[in-house]
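# Predicted coordinates and the sequence they were generated for:
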2 protein chains.
Amino acid sequence: MFDKITPRSEDYSKWYTQVIRQAEMADYTPVRGCMVVRPYGYALWENVKEQLDIRFKATGHQNAAFPLFIPMSFIEKEAEHVEGFKPELAIVTHGGGKKLEEPLVVRPTSETIIGYMYSQWIQSYRDLPVLINQWANVVRWELRPRLFLRTTEFFWQEGHTAHATHEEAMEETLRILDIYTDFAVNEAAIPVIPGRKSDSEKFPGALTSYTIEAMMGDKRALQAGTSHDLGQNFAKVFDIQYLDANQKQQHCWTTSWGVSTRMIGAIIMAHGDDQGLVLPPRLAPTQLVIVPIVPKNNDAAKQVVSKTVDAICETLGDIRYHVDDRYEYSPGWRFNEWELKGAPLRIEIGPRDIENEQVVFARRDIPGKEGKTFVPIANVAETATQLLDTIQADMLKRATEFRDANTSEAENYDSFKEIVENGFARAWWCGNAECEDKVKEETQATIRCIPMVQPDSDGACIVCGMQAKEITIFARAY
Amino acid sequence: MFDKITPRSEDYSKWYTQVIRQAEMADYTPVRGCMVVRPYGYALWENVKEQLDIRFKATGHQNAAFPLFIPMSFIEKEAEHVEGFKPELAIVTHGGGKKLEEPLVVRPTSETIIGYMYSQWIQSYRDLPVLINQWANVVRWELRPRLFLRTTEFFWQEGHTAHATHEEAMEETLRILDIYTDFAVNEAAIPVIPGRKSDSEKFPGALTSYTIEAMMGDKRALQAGTSHDLGQNFAKVFDIQYLDANQKQQHCWTTSWGVSTRMIGAIIMAHGDDQGLVLPPRLAPTQLVIVPIVPKNNDAAKQVVSKTVDAICETLGDIRYHVDDRYEYSPGWRFNEWELKGAPLRIEIGPRDIENEQVVFARRDIPGKEGKTFVPIANVAETATQLLDTIQADMLKRATEFRDANTSEAENYDSFKEIVENGFARAWWCGNAECEDKVKEETQATIRCIPMVQPDSDGACIVCGMQAKEITIFARAY
């Protein structure tokens, strides 16, 4: 641990991987493209899961577990779906010592197998809606893996719902988009832009895909969650039908939606600095680290400090705290480690502080002396609670300001090209795939989303100059 | 739903599958041997997970996620391990459109890949112990699948720890055995017998395996959790070494331990009756179901009842309750459904009850009138809390009495053969594999465990008559 971390300005990609590995969030494995999520990273993921799960359950969803394996013929049933996923499949050809009659795919996503089960379970309109989510691992073969962002195996939740009408399915799709936005903004402190995907960027098999798009520290975009209106595409292919109140057979309308361990990558890149991670208090595994400091080999001092620390801990209630009393490591070493690990708040406490009946608070998000304050010992719990809220709010504010400072309206195609070199461009787009392709080819920027919030007026397409009804976010993306 | 359930006495195996499918706990899928855990079953599994997870974390363990895939060569490194698992492997031969240079195994268990990662992470005695658990899916090819008991894919937790000394590793192995026992007895109301496995039944690659063994409703045994002292076997094969305080390289001592979705099967079979599931209150997804009853098309009555039900719900605090106000179904139909689903406690409430300021409580574990009591509306919450505790205690008591009534000390080999026809036999065993094999061949009974609690005396082996030091539990098993 504690090799020097490459500054972000020097090599952002190197910084990213070094921070993750040195903070022991995750590691590469001998299985090409697959990662280990180590305990510290997994604790963050557990907090992400918990906050999303609460929101899913509050809106009537239930969890379940569908099979890891999918018969190859299922994947092949929906034309766009197979085209989109076939190149990325991992295929089981042998089981129990024998060659299988039909190869099994390790699920890249579960619309097909879940669609089949829904066709068995749904009979009547009374069975609708079906609102199921699963927390699962999925596999998409990855040639250029990057921890959390693109790994062959990754972890996610995938919601799959079935409805009686298209209207209800659309409501569900957007309800989930709202949940994702709310989670990203209020838990992860990432000011995402919710919007619609262009046809070329939508989920293979969807009618319409929605997304939340975030700006990373290098000003590139990252898709942090998606929600799909699948229309009747999968219902028709898998024969998901119900008898309506008039005794007529109807096809269901389905949706699917997911957030993955990519969200961890988003949190790292939206907030991290050259010292390492900066975790939002609401999701941080350790919100507050307490570092007791005593002169070497002074057991009396150690006892006094330890007693005060114990007394402080008793007052901390729900705060997720950790006492780092590894006296064999210097205070500076321990500070560094917790800065690397992104604990939002640190308390330093030594014998002289105790004499003065105070401790030092250090904010992770404000480096150096500016982020430090003396706080009376009696006020530690109250101050910690307040500061954690302040840090959470300040992190969102900072990320929002950063995003806004690096987002510009493109007046013409020349300025557009400059903007997407170094940030998000807001530009009118006519809706034509040719204009989209031209942008991609000439600038490597893609349409990240067509934001839900649109101006009242029309405009002229940034590429072809034709009438355009919607403002669109273009950016280079992960 | 509500095809008639086969009585247990007629066909236990049929009863088991029908209850699971009709209660919508789980279902078979078109993927041979793989199940879907449906929302009601998954909610039970979530409660199992939560209670185990609390215990793991309270004893210093952390969660993580290791890869689904394991290189074939890793599995082959430990001789017993490969011999045990090779016949059950699912093998990925193609990924990303290409044939793989080395096939990947879908993990049947993770000692090998985790052992490799530990060899990378552990350097010094300061890094020990490593105490990691993962909640994961695993795959073992299954020719005769049964829901929850034997499925090709199943869900479990697998703990993997590394220690500096054998003593510490043994302590860990037994600490986990205690946790499993505590969970089974106090949460699942299953009076398991903790004990040691015979050599022929131990985990492939372990030095010693420990188990908790439960008696099912048909008097057969079910292994409900295992904890393994792996000695230095995996540490040597995967080179998990640490520098001790004297600067000497030492191999670690490792353990592994797991509880799986089999536990759900154990809960179903330990407590279920001919009406369906009987779930222990501490784990039941719905602890209390409230069934309001009103005359048909009487909206005024419906309003009065609904208002009282709302008022009752407000008082229920932490109780996991559900109001089944599907008036389109008759009260009897709704009672049946919740009996099938095993909700521990039911409240029936209609207009006349409200006039009398009372409700009817019905206990799931005591069928018919005997399990019913009138309770004043003002006392509902208090009574429900008390009754849930009573039901939990009574279920454990009943299961314990059942087990004890069907467990006998074998005086000689003839009586032994009779006992294992229909229950658990406690018998002296000399420790010789030949005697074990003979029993298995002649009676189909196996050694379930050598209980941790042993008499002070010695005895004569039930098979060969030679001196035997340990009493052993023999039974036919799942």
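Thanks, I have the structure now.

# hmm, the least confident helix or strand in chain A by mean pLDDT in reach of chain B?
Lowest mean confidence among the helices and strands of chain A (mean pLDDT, DSSP states H and E): helix A:79-85, at a mean of 88. No: with Cβ under 8 Å from any Cβ of the partner chain as the measure, helix A:79-85 is seen stopping short of chain B, the closest distance being 11.3 Å. No exception for glycine: its C-beta is placed from N, CA and C like everyone else's.

# strand partners of the very next helix or strand once past that helix, parallel vs antiparallel please.
For helix A:79-85, the following helix or strand on the C-terminal side (DSSP states H and E) is strand A:90-95. Looking at strand A:90-95 with DSSP bridges, its partner strands are strand A:98-106 (antiparallel), strand B:90-95 (antiparallel).

# Next, the angle strand A:98-106 makes with the helix or strand hosting residue A:119.
If you go by DSSP H and E, residue A:119 is part of helix A:111-121. Angle between the axes of helix A:111-121 and strand A:98-106 is 100 degrees (criterion: axes from the mean of the first three to the mean of the last three Cα atoms, to 10 degrees).

# Can you name the residue of the stretch 151-300 of chain A nearest to chain B?
Using Cβ to the nearest Cβ, residue A:153 is the residue of the stretch 151-300 of chain A that sits closest to chain B, at 5.1 Å.

# Tell me if I'm right that that residue and residue B:92 touch.
No: when contacts are counted by Cβ atoms under 8 Å, residue A:153 is not listed as touching residue B:92 (11.2 Å).

# now the strands: where do they sit in the stretch 201-350 of chain A?
Under the criterion DSSP state E, counting those that start in this stretch, strands of the stretch 201-350 of chain A are mapped to A:208-215, A:221-229, A:241-243, A:249-251, A:253-260, A:288-292, A:321-323, A:345-349.

# would you list those in TSV and tack on mean pLDDT?
Converted to TSV, the strands of the stretch 201-350 of chain A look like this (pLDDT from 0 to 100):
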stretch	mean pLDDT
strand A:208-215	98
strand A:221-229	98
strand A:241-243	98
strand A:249-251	98
strand A:253-260	98
strand A:288-292	98
strand A:321-323	98
strand A:345-349	98
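
# Export those to JSON lines and append columns for mean neighbour count and distance to residue B:459.
Shown next, in JSON lines, are the strands of the stretch 201-350 of chain A (neighbours: other Cβ atoms under 10 Å in any protein chain shown; distance: least, Cβ to Cβ, whole Å):
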{"stretch": "strand A:208-215", "mean neighbour count": "25", "distance to residue B:459": "69"}
{"stretch": "strand A:221-229", "mean neighbour count": "25", "distance to residue B:459": "64"}
{"stretch": "strand A:241-243", "mean neighbour count": "18", "distance to residue B:459": "65"}
{"stretch": "strand A:249-251", "mean neighbour count": "14", "distance to residue B:459": "69"}
{"stretch": "strand A:253-260", "mean neighbour count": "26", "distance to residue B:459": "59"}
{"stretch": "strand A:288-292", "mean neighbour count": "25", "distance to residue B:459": "57"}
{"stretch": "strand A:321-323", "mean neighbour count": "17", "distance to residue B:459": "52"}
{"stretch": "strand A:345-349", "mean neighbour count": "22", "distance to residue B:459": "62"}
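
# mind putting those strands in TSV, distance to residue A:4 included?
Listed next are the strands of the stretch 201-350 of chain A as TSV, based on distance: least, Cβ to Cβ, whole Å:
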stretch	distance to residue A:4
strand A:208-215	27
strand A:221-229	26
strand A:241-243	61
strand A:249-251	59
strand A:253-260	31
strand A:288-292	22
strand A:321-323	25
strand A:345-349	21
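
# What are the boundaries of the helices in the stretch 251-400 of chain A?
Remark: helices assigned in the stretch 251-400 of chain A by DSSP state H, counting those that start in this stretch are A:262-271, A:299-314, A:331-340, A:351-355, A:380-405.

# Tell me which of those helices lies nearest to chain B.
Distance to chain B, taken as Cβ to the nearest Cβ, is lowest for helix A:262-271 among these, at 11.4 Å.

# quick one, what contacts the residue positioned nearest the centre of chain A?
Relative to the mean C-alpha position of chain A, the nearest C-alpha, by Cα atoms, centre = their mean, is the one of residue A:263, at 1.6 Å. Residue A:263 sits next to A:48, A:184, A:188, A:224, A:225 when contact means Cβ atoms under 8 Å, 6 or more residues apart in numbering or on different chains.

# Look up how far residue A:464 lies from residue A:416.
12 Å (Cβ to Cβ, to the nearest Å).

# Settle it for me: which of those two has more neighbours?
When neighbours are counted by other Cβ atoms under 10 Å in any protein chain shown, residue A:416 and residue A:464 differ, and residue A:416 comes out ahead with 23 against 15.

# could you measure the residue nearest to that one when sequence neighbours are not counted against chain B, distance?
If the residues on either side of it in the chain are set aside, residue A:416 comes closest to residue A:410, at 3.7 Å by Cβ to Cβ, 6 or more residues apart in numbering or on different chains. Distance of residue A:410 to chain B, given as Cβ to the nearest Cβ, to the nearest Å: 37 Å.

# Does residue A:410 touch residue A:429 like I think?
No: applying Cβ under 8 Å as the test, residue A:410 and residue A:429 come out as separate, 10.3 Å apart.

# if I look at the two, which residues touch both of them?
In terms of Cβ under 8 Å, 6+ apart, residue A:410 and residue A:429 are both contacted by the residues residue A:462.

# since we're on residue A:357, how many residues are nearby?
Residues lying near residue A:357 (other Cβ under 10 Å) number 10.

# Run a quick neighbour tally on whatever residue of the stretch 251-400 of chain A ends up closest to chain B.
Nearest residue of the stretch 251-400 of chain A to chain B, counting by Cβ to the nearest Cβ: residue A:328, 8.2 Å away. Neighbourhood size, residue A:328 [other Cβ under 10 Å]: 8.

# Give me whichever of the strands paired with strand A:90-95 is most buried.
strand B:90-95 (a mean of 22; mean count of other Cβ atoms under 10 Å in any protein chain shown).
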